[in-house]
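Visitor: got a sequence here, can you model it:
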Amino acid sequence: MPRPTIAIVGAGFSGTLLALHLLRCCPEAIRVTLIERNSAFGRGQAYATGNPSHLLNVPAARMIAFHDQPNHFVDWLRRQPDAEALLAQGFVPRRLFGAYYGGHQ
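Guide: Numbering: from 1, shown residues only. Predicted structure coming up:
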């Protein structure tokens with residue numbers, strides 16, 4: 001019997017987060033496939049900006065992707081260069097959230 005497959009078109013922030021949550025909660029027999037025309041997953045247009053002036057519109061401490069790990073992003077951010085200065089300002093550059101999700105840093 002073939003494995004059931006869930007296809008997600010678009011591997012930006014929403015598609016990647018959906019895939020992560022499906023992989024965490026679905027049986028191992030389910031296959032999740034991300035379909036994306038760009039080579040990078042996770043960032044999407046909203047978080048791919050290279051402009052450091054483009055900030056998140058929510059404080060870093062409220063950016064929660066995993067409700068069972070509410071500090072996941074902040075913990076990741078603390079391991080980055082200049083973390084304390086970034087956290088002190090509260091609103092961090094969008095590219096950092098993209099790096100966190102895209103796994104590029």
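
Visitor: who does the longest helix along the chain touch, helix- and strand-wise?
Guide: Using DSSP state H to define each element, the chain has its longest helix at helix 13-25. Using 3 or more CB pairs under 8 Å, 6 or more residues apart in numbering; DSSP states H and E, the elements in contact with helix 13-25 are strand 5-9, strand 31-35, helix 44-47, helix 94-102. Quick note: C-beta positions are derived from backbone N, CA and C, even for glycine.

Visitor: tell me the mean pLDDT for the first one?
Guide: If you average the pLDDT over strand 5-9, you get 95.

Visitor: which regions of the protein sit below the pLDDT cut-off?
Guide: For the chain, the stretches with pLDDT under 70 are 102-105.

Visitor: ok so, going back, redo the helices and strands packed on helix 13-25 as a markdown table? Include distance to residue 79.
Guide: Shown next, in a markdown table, are the helices and strands packed on helix 13-25 (distance: least, CB to CB, whole Å):
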| stretch | distance to residue 79 |
| --- | --- |
| strand 5-9 | 28 |
| strand 31-35 | 26 |
| helix 44-47 | 18 |
| helix 94-102 | 10 |
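
Visitor: could the ones you listed go into JSON lines alongside distance to residue 80 and mean neighbour count?
Guide: Listed next are those as JSON lines, based on distance: least, CB to CB, whole Å; neighbours: other CB atoms under 10 Å:
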{"stretch": "strand 5-9", "distance to residue 80": "28", "mean neighbour count": "12"}
{"stretch": "strand 31-35", "distance to residue 80": "25", "mean neighbour count": "14"}
{"stretch": "helix 44-47", "distance to residue 80": "15", "mean neighbour count": "16"}
{"stretch": "helix 94-102", "distance to residue 80": "7", "mean neighbour count": "22"}
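
Visitor: circling back to that earlier point, please save the CA atoms from the longest helix of the chain in CSV.
Guide: Output in CSV follows, covering the C-alpha atoms of helix 13-25 (Å, rounded to 0.1, in the frame of the first residue of the first chain):
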residue,chain,number,x,y,z
PHE,A,13,7.3,30.7,6.3
SER,A,14,3.8,29.3,6.3
GLY,A,15,4.4,26.2,4.2
THR,A,16,7.6,25.3,6.1
LEU,A,17,5.9,25.8,9.5
LEU,A,18,2.9,23.7,8.3
ALA,A,19,5.3,20.9,7.2
LEU,A,20,7.2,21.0,10.6
HIS,A,21,3.9,20.8,12.5
LEU,A,22,2.6,17.9,10.3
LEU,A,23,5.9,16.0,10.8
ARG,A,24,5.6,16.5,14.5
CYS,A,25,2.0,15.3,14.9
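
Visitor: sounds good, over and out.
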